[in-house]
Each structure stands twice: as structure tokens, then as C-alpha cells.
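Q: quick one, what's the 3D model for this:
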Amino acid sequence: MPDSNVINIAVVGCGYWGPNILRNLAAQKSTNINWICDLQIARAELIATNYSSAKVTNNIGDLLADSSLDAVVIATPVSSHYSIARKFLLAGKHVLVEKPMCTSVEECDELIEIASQKNVVLMVDHTFIYTGGVRKMKDMVAAGELGDIYYFDSVRVNLGLFQHDVNVLWDLAPHDLSIMDYVLQRKPTGVSAHGACHLAGSKIENIAYLTLLFEDDTIAHFHVNWLAPAKIRRILIGGSKKMLLFDDLSPDEKIKVYDKGLVLDNKTDSYQVLSGYRIGDIHVPKLDTREALSLEMEHFVDCIRTNKHPESDGDSGRRVVATLEAAQKSLARNGELIPL
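A: Predicted coordinates for the structure are as follows:
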């Protein structure tokens, strides 16, 4: 007799990210890798040698026909997310889909509605919000340790990997947009974007700059680039009390909190502003070092078991896609500010 407490999960897509998902899913208690699906059947068969219970196919119809299947993780190209996720949600399966959730807000809305009607979990693979560093940033901002937030500045650049179906904006920016959405807990009001393509015969932008505006004086800026000589993953958050640097590539000091800033003394004459620098200590907080993807898969399984609402739910995925969609319009209009 099969164990009714075991959650049977399939993974669709075994490219760059799929094997990492499989490894972390297999480590979860009372879960079973039921299917491994990839268009390249040889690749799926090779990966399946590490998972004895997994059946292999290149046809998602085999998964949909399996009544014992409880959930699916989708790690396929962005253009296929909506169509694949929709089929599994309609079949009453729990779904975790890689970022970005879809290619349009309209597609996101439909998936959210189906998940609600079917009472199943819809979760988006915003892996970075499960890292110790990003969670620490959120806690500090929520507690007011940085004061009023002035800016959120992000750099995510490297040499390659070039994508064939999306530009650098849709490839790299979802990471930092999801981090900003999670940490700041506020919605931007407008986005402006500039980008360029430097590859002959291609219309896919390989470098882009995004600026997001908010109702107050907070501003956010994102630099994404496939043509950088070095890999950089940094976020700066500036506040009225303290400033923070998050360096994801630092081996042991991913977050540094600077107790420094500029003190402004506005005089009666608006043209005379006296300023001074406040210089204090640098604090390196202790972080949870558990693997983010492991915590994310644990959270997905827990949400399935307890009907809990995911932290990276469909609505968070929709907010990221809404920003990307507006940024794409701005790119086409030479940086025009697009309301959100």
C-alpha cells in the first residue's frame, strides 16, 4: 500500500537549475521524486540514475495522467511557464514555477485565479528571499534599524549566460526585484528603463538599467548586464539612520551595516545648507547559512501539507512580472516613465 503521507513530486526541466531542485527535493522528509521530465530524454535518464523511484519521460502528458502525482516543480524556459503551469493547476496539482512566473500580468492573473479555484499551492521560485542575508535585511528594515529608506541600489552583472528567449532584464532582474519586494514591502509607482544590444543580428538586450519610483522620496535602481568582465552581486540600501551593503559573493561577510551618513542642517536661507558626516561602527551580523534552495523546497512541501500561504506566492510573482512588463514598455519607448 502506498504511504498517503508521502508527497509525490515531479520536476519538469533538467537544464541548469533542475538538478539543484531535484537534489534539494530529495532531501525533504516524506517526499518522493515521482517523475523527471525533459524534452531531451537522454538528459533526464542520466539525471534519474540518482533517483531510483523516478520515472522518466519527455511528455508532460504522462505526468498529468498520473493520479498519484501531488505536485510539480517547473524549471523550463520562461516562455513555457504559463502553458505548463496552467495544465497542472487545472489538474489540481500544486505548482512551484521558476522565475519569472510568466511573461505577462494577464498570464499571472489567470494562474492565480485557477490556483484559488482549485485550492492548490502556487509558488514562485524567488530563491533569494530564502537566504539568510535577505531575511536579515528584511528584519532590519521592518524594525526601523536603517531609518527611513532613501534608496535601494542593485548590481547583478556577469559575462554570459546569454538566453535565447528573454533579454537580460527578464533573466537577471527578477532576482533583485523579488528581493526589493520582499525587503521593502512596498509597491513602486513607476518604472523607467534603458537597455542596449551589442550582438550582431540579435534584438535581445544584453545590458539594462532600471529606475523605480515610489510615492515618497525612495528610489530604486537596478543594473543588469551579460557583458561584464567580473561577476558582481551587490545591493546597497541607504536609510536616514544607517546604510547596508549586501555582497552575495562574499564568503563570510555578506552583510555589512554602516552606522554612517550625512547630517543636513537646513537654515532659514534655502540656499544655505550646512552638512556634516556621521561616522560610526561597521557591524557584520550573523546570518543563517543554510542553503536557500533547501529552505525553499522545505517551505513548498510544508505549504502543501498545511495549506499554508507561500512567502513567494503568485501575487509576489505577479508584482515582479508587472514591473518587468512595464520596464519592457519603457525600453521600447527610450526610457519613458511607465506607471505601475
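Q: isn't Thr31 up against Val301?
A: Yes. With contact defined as Cβ atoms under 8 Å, Thr31 and Val301 form a contacting pair (5.9 Å). Using the backbone N, CA and C atoms, a C-beta is placed for each residue, glycine as well.
Q: quick one: common contacting residues for the two?
A: With contacts defined as Cβ atoms under 8 Å, 6 or more residues apart in numbering, the residues adjacent to both Thr31 and Val301 are Ile7.
Q: all strands of the stretch 51-200 of the chain, in order?
A: 55-57, 71-74, 94-98, 122-125, 149-159, 190-196 (DSSP state E, counting those that start in this stretch).
Q: want to try JSON lines for the ones you listed, with distance to Ser240 and mean pLDDT as columns?
A: Listed next are the strands of the stretch 51-200 of the chain as JSON lines, based on distance: least, Cβ to Cβ, whole Å; pLDDT from 0 to 100:
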{"stretch": "strand 55-57", "distance to Ser240": "56", "mean pLDDT": "97"}
{"stretch": "strand 71-74", "distance to Ser240": "41", "mean pLDDT": "98"}
{"stretch": "strand 94-98", "distance to Ser240": "37", "mean pLDDT": "98"}
{"stretch": "strand 122-125", "distance to Ser240": "32", "mean pLDDT": "98"}
{"stretch": "strand 149-159", "distance to Ser240": "7", "mean pLDDT": "97"}
{"stretch": "strand 190-196", "distance to Ser240": "23", "mean pLDDT": "97"}
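Q: wait, which of the ones you listed is closest to Leu245?
A: Shortest distance between Leu245 and the strands of the stretch 51-200 of the chain, using Cβ to Cβ, is found for strand 149-159: 9.9 Å.
Q: sheet-wise, list the partners of that closest one with their directions.
A: Strand 149-159 has the following strand partners under DSSP bridges: strand 219-225 (parallel), strand 227-239 (antiparallel).
Q: will you turn the strands of the stretch 51-200 of the chain into CSV that also has distance to Val183?
A: As requested, the strands of the stretch 51-200 of the chain are arranged in CSV below (distance: least, Cβ to Cβ, whole Å):
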stretch, distance to Val183
strand 55-57, 40
strand 71-74, 25
strand 94-98, 21
strand 122-125, 16
strand 149-159, 8
strand 190-196, 18
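Q: if we can go back for a sec, so which of the strands paired with strand 149-159 comes closest to Ile179?
A: When those are ranked by distance to Ile179, counting by Cβ to Cβ, first place goes to strand 227-239 at 6.8 Å.
Q: list of residues touching that closest one?
A: Contact with strand 227-239 is made by 137, 141, 145-159, 176, 179, 183, 198, 206-207, 243-249, 261, as judged by Cβ under 8 Å, 6+ apart.
Q: of those, buried ones?
A: 137, 141, 146, 149-150, 152-158, 176, 179, 183, 206-207, 243-248, 261 (16 or more other Cβ atoms under 10 Å).
Q: pairing partners for Pro339 in the sheet, please.
A: Each beta-bridge partner of Pro339 is listed here: Gly190, as defined by DSSP bridges.
Q: before we move on, the earlier item: deepest-packed of the strands paired with strand 149-159, please.
A: Of those, the one with the most neighbours on average (mean count of other Cβ atoms under 10 Å) is strand 219-225, at a mean of 20.
Q: which pLDDT value goes with Asp259?
A: Per-residue confidence for Asp259 comes out at a pLDDT of 92.
Q: so which of the strands of the stretch 51-200 of the chain comes closest to Val284?
A: Each of these was checked against Val284 via Cβ to Cβ, and the shortest separation belongs to strand 149-159, namely 19.8 Å.
Q: quick one: low-confidence residue ranges for this structure.
A: Flagging of the chain using pLDDT under 70 yields the residue ranges 1-4, 261-278.
Q: I'd say Cys197 and Glu205 touch.
A: Yes. Under the criterion of Cβ under 8 Å, Cys197 is in contact with Glu205, at a separation of 5.1 Å.
Q: which of those two has more neighbours?
A: Shown here are Cys197 and Glu205; by other Cβ atoms under 10 Å, Glu205 has more neighbours (24 against 15).
Q: was I right to think that one contacts Asn167?
A: Yes. Applying Cβ under 8 Å as the test, Glu205 and Asn167 come out as touching, 4.2 Å apart.
Q: between these two, what contacts are shared?
A: Shared between the contact lists of Glu205 and Asn167 (criterion: Cβ under 8 Å, 6+ apart) are residues 195, 197.
Q: buried residues of the helix ranked longest in the chain, list them for me.
A: Among the segments of the chain that qualify as a helix by DSSP state H, the longest is helix 314-332. When neighbours are counted by 16+ other Cβ under 10 Å, the buried residues of helix 314-332 are found to be 314, 316-328, 330-331.
Q: just the CA coordinates of that helix, formatted as CSV?
A: As requested, the backbone C-alpha atoms of helix 314-332 are provided in CSV (Å, rounded to 0.1, in the frame of the first residue of the first chain):
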residue,chain,number,x,y,z
GLY,A,314,1.6,34.0,-7.0
ASP,A,315,1.0,37.6,-6.0
SER,A,316,4.7,38.3,-5.4
GLY,A,317,5.4,36.7,-8.8
ARG,A,318,2.8,38.9,-10.4
ARG,A,319,4.3,42.1,-8.9
VAL,A,320,7.7,41.2,-10.3
VAL,A,321,6.2,40.5,-13.7
ALA,A,322,4.2,43.7,-13.6
THR,A,323,7.5,45.6,-13.1
LEU,A,324,9.2,43.7,-15.9
GLU,A,325,6.4,44.2,-18.3
ALA,A,326,6.3,48.0,-17.6
ALA,A,327,10.1,48.1,-17.9
GLN,A,328,9.9,46.4,-21.3
LYS,A,329,7.5,49.1,-22.5
SER,A,330,9.9,51.7,-21.2
LEU,A,331,12.8,50.1,-23.1
ALA,A,332,10.8,50.3,-26.3
